[in-house]
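K.L.:
structure of the sequence below:
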Amino acid sequence: MSTEAETAASTKTTPEDDGMTWWYRWLCKIAGVVGGISCAIAGVWNCVTVNPLSIAAGVWMVLNAFVLFLCEVPFCCQFIEFANAIAARADKFKPWQKAFFYCGMALFPVFLSFSFTTLFGNGIAFATGVLYGLASLGKKGDAVTYARLQHQKQGDEERATETANGAPE
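P.N.:
Below you'll find the model as predicted:
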């Protein structure tokens with residue numbers, strides 16, 4: 001009875017396998033941290049102006065940095081009570097959902113105030129979304145399986161031409 005409970009508990013604690021290797025998961029997290037840093041610095045720099053759209057874009061970029069830190073590295077936000085709960089929920093998202101969210105967050109300030117600062121400040125955050133988007137495509141197939149599929153497809157095409165030409169099966 002206890003082994004069944006332990007097995008059930010271990011399957012609940014492991015996150016769903018989304019097809020990402022450990023190094024790619026770390027690459028995405030590091031890109032998120034660097035993207036958050038670039039968003040924060042460029043956002044603060046963008047706020048030093050009199051243009052209200054630039055100030056709004058700068059505030060949005062600082063908010064992007066906060067969300068990136070909260071979702072990717074919650075231990076940087078230990079002073080916030082709900083940080084671990086949000087990070088746990090963000091870890092349950094599929095890679096395509098994270099990609100859509102991060103790319104959308106990074107594009108909004110660029111559309112709000114197109115400038116060098118907003119473009120390059122959000123570039124790495126957008127690249128984080130692209131990395132998650134690539135992860136949602138899945139693993140690349142191996143050459144043996146691809147060759148097998150091509151050979152099978154070629155055989156199917158030959159059989160279809162033989163039956164179309166009237167050759168007996």
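K.L.:
Phe114 in helix, strand or coil?
P.N.:
Following DSSP: H, G, I helix; E, B strand; the rest coil, Phe114 is assigned to coil.
K.L.:
how confident was the prediction at it?
P.N.:
pLDDT, Phe114: 90.
K.L.:
quick check on it: phi, psi?
P.N.:
Dihedral pair for Phe114: phi -80, psi 110, per degrees, to the nearest 10.
K.L.:
tally of neighbours for it?
P.N.:
Other residues within reach of Phe114, judged by other Cβ atoms under 10 Å, total 11. Every C-beta, even on glycine, is put in place using the N, C-alpha and C of the backbone.
K.L.:
repeat for Phe66
P.N.:
For Phe66, using other Cβ under 10 Å, the count is 17.
K.L.:
helix or strand for it, which one?
P.N.:
helix 52-72 (DSSP states H and E).
K.L.:
could you do Ala40 as well?
P.N.:
Counting by DSSP H and E, Ala40 is found in helix 22-46.
K.L.:
can you name every helix or strand that the strand or helix carrying Val144 contacts?
P.N.:
If you go by DSSP H and E, Val144 is part of helix 143-164. On a contact count with 3 or more Cβ pairs under 8 Å, 6 or more residues apart in numbering; DSSP states H and E, helix 143-164 meets no helix or strand.
K.L.:
residues contacting the closest residue to Ile37 other than its chain neighbours?
P.N.:
Counting by Cβ to Cβ, 6 or more residues apart in numbering, Ile37 lies nearest to Ala65, which is 7.2 Å off, once chain neighbours are set aside. By Cβ atoms under 8 Å, 6 or more residues apart in numbering, the contact list for Ala65 reads 35-37, 39-40, 43, 125.
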